[in-house]
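Asker: With the input below, show me the fold.
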Amino acid sequence: MSAMVATKAPTSGRDYGYGNARVRGMRSRLLTPQFLDGLMAAHDVTKIIQALIDTEYGPFIETAIIKGRTSAAMDEALRDNMVATFQKVIHFLNAEANELVGTLLGRWDLFNVKSIIRGKHMHLKAEEIEDGLYAVGSLTPTDLHLLVGLEDVRAVVDTLVTWESPYAVPLRENIAAYGEGGNLATLELALDRYYFSWASKRLSGRRQNAKLARRILGLQADSINLLTVFRLLKSDIGDVDPKSFYLPGGEHVDEALFDTLAGMSDVDEVLDGLKKTPYARQLESVIATYVDEGSLSVFERALEDFVMRKALDAGRGDPLGVGITIGYLWAKQNEITNLRIIVKGTAVGMPPDRMRKELILV
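Answerer: Residues are numbered from 1 along each chain as shown. Predicted coordinates:
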């Protein structure tokens, strides 16, 4: 298990014609905003199920609802559809696209490992942890099932070491510090740094496709760093140097800007410090909502929206480049996220207007 992402026998060379044609066909089947509006107006999970049965989600829904026509069953169906879709795409990419897209999808291995460790740290049940995982990287469903069944964080780390997983490296180096203070952030930051360092090296080529993939990676690093800045505003870190939380590899937020922002005293000051970056307008557009709700999740969602739209823009450039695939995979992920919000919102009686505010419609 030395690879970060699932391997296959990709088509040779850099010919994107076949793969992009397949991806365009798949993208044409994405749900429209009008269809999503209809789902939000259904006011009933059963009606949502009926509407989605006739889409590509149908077979997954039919399998899942054997357990009941519930939001939990729908969540399982949506997750399984996303995993199957991502795996399908990976298997018809050429060699270059496979490496570039596979590197970006390594973030799902990162997400899964962090989710498992967080779940063990919080003593959650194995089923609770497993329900939130997505097997679209090198860790298979069997691997993830085994990991969530282990006793604690230490056992997860030891198993990853035995598997020679790349993520064992940062975890092994920091498990002692975690054991002494029980600070989960120590492990999570080490994992983030390892992934972004690894991915940056893999995407270091000068070809346009590598540059595009590296830009998407950099936007993700920026997003994490900006969220860290906002969290530091509400935290008392004592004598700890804020720069110790910085994640290298960003597109617009370098270490100097991060250090400056981390030293500011309030949100307004941070936003003013971001004036020269492309994030300023996006974050300023939600400041009123943040004032009303007082939750940093407002900024987190705004940054997700920004990165999502930049990834979608990647698919509107070179028709014979990797951007078509990157744009589709992000659009598919966004569709799954929107559907999960609608299903869960409907199940708890959330008004359609409130649900719509939570969606990213493209």
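Asker: Which elements pack onto whatever helix or strand residue 100 lives in?
Answerer: Residue 100 is part of helix 95-121, with elements assigned from DSSP states H and E. Applying 3 or more CB pairs under 8 Å, 6 or more residues apart in numbering; DSSP states H and E, one finds that helix 95-121 makes contact with helix 71-90, helix 126-130, helix 141-148, helix 153-162, helix 184-202, helix 208-233, helix 323-347. No exception for glycine: its C-beta is placed from N, CA and C like everyone else's.
Asker: Give the buried residues for that helix.
Answerer: Buried residues in helix 95-121, counted by 16 or more other CB atoms under 10 Å: 96-121.
Asker: what do you get for stretch 165-172?
Answerer: Neighbour-count burial for stretch 165-172 [16+ other CB under 10 Å]: 165-171.
Asker: got it, and stretch 205-213?
Answerer: Neighbour-count burial for stretch 205-213 flags 209-210, 212-213 (criterion: 16+ other CB under 10 Å).
Asker: same question, stretch 259-272
Answerer: Those would be 261-262, 264, 267, 270-271, for stretch 259-272 by 16+ other CB under 10 Å.
Asker: Equivalent analysis for stretch 224-239, please.
Answerer: By neighbour count, with 16+ other CB under 10 Å as the criterion, the buried positions of stretch 224-239 are 224-226, 228-230, 232.
Asker: Would you pull up how far that stretch lies from the middle of the chain?
Answerer: On the basis of CA atoms, centre = their mean, to the nearest Å, stretch 224-239 is displaced by 21 Å from the centre of the chain it belongs to.
Asker: just to revisit the earlier point, so which of the buried residues of stretch 259-272 is the closest to residue 254?
Answerer: Top of the list for closeness to residue 254, among those and by CB to CB, is residue 261 at 10.9 Å.
Asker: Which residue comes closest to the closest one once chain neighbours are left out?
Answerer: With CB to CB, 6 or more residues apart in numbering as the measure, residue 229 is the residue that lies nearest to residue 261, at 4.6 Å, once sequence neighbours are left out.
Asker: from what I can see the one you found touches residue 259, true?
Answerer: No. Contact between residue 229 and residue 259 fails when scored by CB atoms under 8 Å: they sit 9.9 Å apart.
Asker: how about residue 240, phi and psi?
Answerer: Listed backbone geometry of residue 240 is phi -70, psi 130, with angles given as degrees, to the nearest 10.
Asker: so where is the chain shaky, pLDDT-wise?
Answerer: 1-14, 238, 317 (pLDDT under 70).
Asker: repeat that with 50
Answerer: Counting by pLDDT under 50, the chain contains low-confidence residues at 1-3, 5-9.
Asker: wait, what's in contact with the residue sitting furthest away from the middle of it?
Answerer: Here the chain reaches farthest from its C-alpha mean at residue 239, the gap being 31.7 Å by CA atoms, centre = their mean. The contact partners of residue 239, by CB atoms under 8 Å, 6 or more residues apart in numbering, come to none.
Asker: Among the buried residues of stretch 165-172, which one sits closest to residue 290?
Answerer: Minimum distance to residue 290 across those is 32.4 Å, recorded for residue 170 (CB to CB).
Asker: And the closest residue to residue 209 other than its chain neighbours, how close does it get to residue 216?
Answerer: Using CB to CB, 6+ apart and skipping the chain neighbours, the partner closest in space to residue 209 is residue 322 (4.3 Å). Here the criterion is CB to CB, to the nearest Å. By it, residue 322 lies 10 Å from residue 216.
Asker: ok, now residue 171?
Answerer: Relative to residue 216, residue 171 is positioned 26 Å away (criterion: CB to CB).
Asker: how close does residue 211 get to residue 217?
Answerer: Applying CB to CB, the value for residue 211 to residue 217 is 11 Å.
Asker: what do you get for residue 292?
Answerer: The spacing between residue 292 and residue 217, counted by CB to CB, is 33 Å.
Asker: okay, those two: which has more neighbours?
Answerer: When residue 292 and residue 217 are compared on other CB atoms under 10 Å, the one with more neighbours turns out to be residue 217, at 24 against 9.
Asker: Spit out the contact partners of the more buried one.
Answerer: Neighbour list for residue 217: 103-104, 196, 199-200, 203, 249 [criterion: CB under 8 Å, 6+ apart].
Asker: re the thing from before, any idea how far the residue nearest to residue 261 lies from residue 202?
Answerer: As judged by CB to CB, residue 229 and residue 202 stand 27 Å apart.
Asker: Also residue 357?
Answerer: Shown here: residue 357 relative to residue 202, a distance of 37 Å by CB to CB.
Asker: which of those two has more neighbours?
Answerer: Neighbours per residue, other CB under 10 Å: of residue 357 and residue 202, the larger number sits with residue 202, 20 against 11.
Asker: Test my guess that the more buried one contacts residue 99.
Answerer: Yes. Under the criterion of CB under 8 Å, residue 202 is in contact with residue 99, at a separation of 6.8 Å.
Asker: these two touch, right, residue 44 and residue 346?
Answerer: Yes. Taking CB under 8 Å as the definition, residue 44 is a contact partner of residue 346 at 6.7 Å.
Asker: Those two - which one has more neighbours?
Answerer: The neighbour count for residue 44 versus residue 346, taken as other CB under 10 Å, is higher for residue 346 (23 against 11).
Asker: contacting residues around the residue nearest to the more buried one when sequence neighbours are not counted?
Answerer: Nearest non-adjacent residue to residue 346, counting by CB to CB, 6+ apart: residue 45, 5.6 Å away. In this structure, residue 45 makes contact with 69-71, 74, 343, 346-347, judged by CB under 8 Å, 6+ apart.
Asker: now swap in residue 117 and tell me
Answerer: Listed by CB under 8 Å, 6+ apart, the contact set of residue 117 reads 153, 156-157, 171, 184, 187-188.
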